[in-house]
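Engineer: build me a model:
(3 chains)
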Amino acid sequence: MGPEALLDVYERLNDHFGPLHWWPADGPFEVMVGTVLTQNTAWTNVEKAIAALKARGLLSPEAIAGCDEETLAGVIRPAGFYHIKARRLKSLVRFFQEEYGGEVARMAAENLTELRDALLSVSGVGEETADCILLYACEKPSFVSDAYTRRILGRHRLIAQEATYGQIRNLFMAHLPQEVALFNQYHALLVNLGKHFCRKTPRCGICPLQGLLPAAVPM
DNA sequence: GACCAGGCACATC
DNA sequence: GATGTGCATGGT
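Structural biologist: Numbers count the residues shown, from 1 in each chain, chains lettered A, B, ... in the order given. A predicted model of the protein is given here:
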């Protein structure tokens, strides 16, 4: 599996889907909120929760910091796991305010590796959430690997079943130019491909990767 | 009514 | 370090 294969996959998907304009959010703070709300959750449910937060004027660091946790939980209820996600939002916002004064520009001024470690120290922020914040809120070249990435690469035998998150991320980061726009669109393309063609229960339709990679196997 | 969705922390071995 | 479990709603 060399560098050319990953670029071939990117070009095939990019030709098929076109520019996807990710992350779907109104500003970087909304991205941060969305990364927590979407943990193991369908995006349609996240949209409902974000709309509810907007309607309550709760889409700012100050508002979330000042909001009672149980009240917050009630508002984000449509996103599921709402008690734990309310706690996670509060801890992320606390970190954001204490370390960077609630300013994305100050957070984004930090070095990628150090910022990633700092984000990972926040309870409720794991590797994927950290990488989404780095890439889509801070515009740092940190590749996001997720369930779709694993399933797509796994089905086409490009990674081992037991590959870790870090190994998958390193695969992309070792073989691609470290460009924010490329990482942004690539992850978006993989999610789009996953949603349309590579769910646990495969959807009908012709996968755009057909003929480019080894035939998909069930996974 | 079962199955699934853009994870994570924590317990246990 | 690997594996198992709880967390929960809404769409198919």
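Engineer: need the contact list for A:Ala5.
Structural biologist: A:158, A:213 (Cβ atoms under 8 Å, 6 or more residues apart in numbering). No exception for glycine: its C-beta is placed from N, CA and C like everyone else's.
Engineer: what helix or strand is it on?
Structural biologist: Here A:Ala5, judged by DSSP states H and E, is contained in helix A:3-17.
Engineer: mind saving the C-alpha coords of that helix as CSV?
Structural biologist: Provided in CSV are the C-alpha atoms of helix A:3-17 (Å, rounded to 0.1, in the frame of the first residue of the first chain):
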residue,chain,number,x,y,z
PRO,A,3,1.3,6.7,-1.3
GLU,A,4,-0.2,6.6,-4.9
ALA,A,5,-3.1,4.3,-3.8
LEU,A,6,-4.4,6.8,-1.2
LEU,A,7,-4.2,9.6,-3.8
ASP,A,8,-5.9,7.5,-6.4
VAL,A,9,-8.7,6.8,-3.9
TYR,A,10,-9.0,10.5,-3.1
GLU,A,11,-9.2,11.5,-6.8
ARG,A,12,-11.8,8.9,-7.5
LEU,A,13,-14.0,10.0,-4.6
ASN,A,14,-13.4,13.7,-5.3
ASP,A,15,-14.5,13.3,-8.9
HIS,A,16,-17.6,11.4,-7.8
PHE,A,17,-18.8,13.6,-5.0
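Engineer: where does A:Leu20 fall, helix, sheet strand or coil?
Structural biologist: Secondary structure, DSSP: H, G, I helix; E, B strand; the rest coil: A:Leu20 is coil.
Engineer: that one against A:Tyr186, yeah?
Structural biologist: No. Using Cβ atoms under 8 Å as the test, A:Leu20 is too far from A:Tyr186 to be in contact (10.0 Å).
Engineer: of these two, who's got more company?
Structural biologist: Neighbour count, other Cβ atoms under 10 Å: between A:Leu20 and A:Tyr186, A:Tyr186 has more, with 24 against 17.
Engineer: ok, now which ones touch that one?
Structural biologist: A:10, A:13, A:143, A:172, A:176.
Engineer: one more time with 6 Å, if that's ok
Structural biologist: A:Tyr10 (Cβ atoms under 6 Å, 6 or more residues apart in numbering).
Engineer: kind regards, and thank you for your time.
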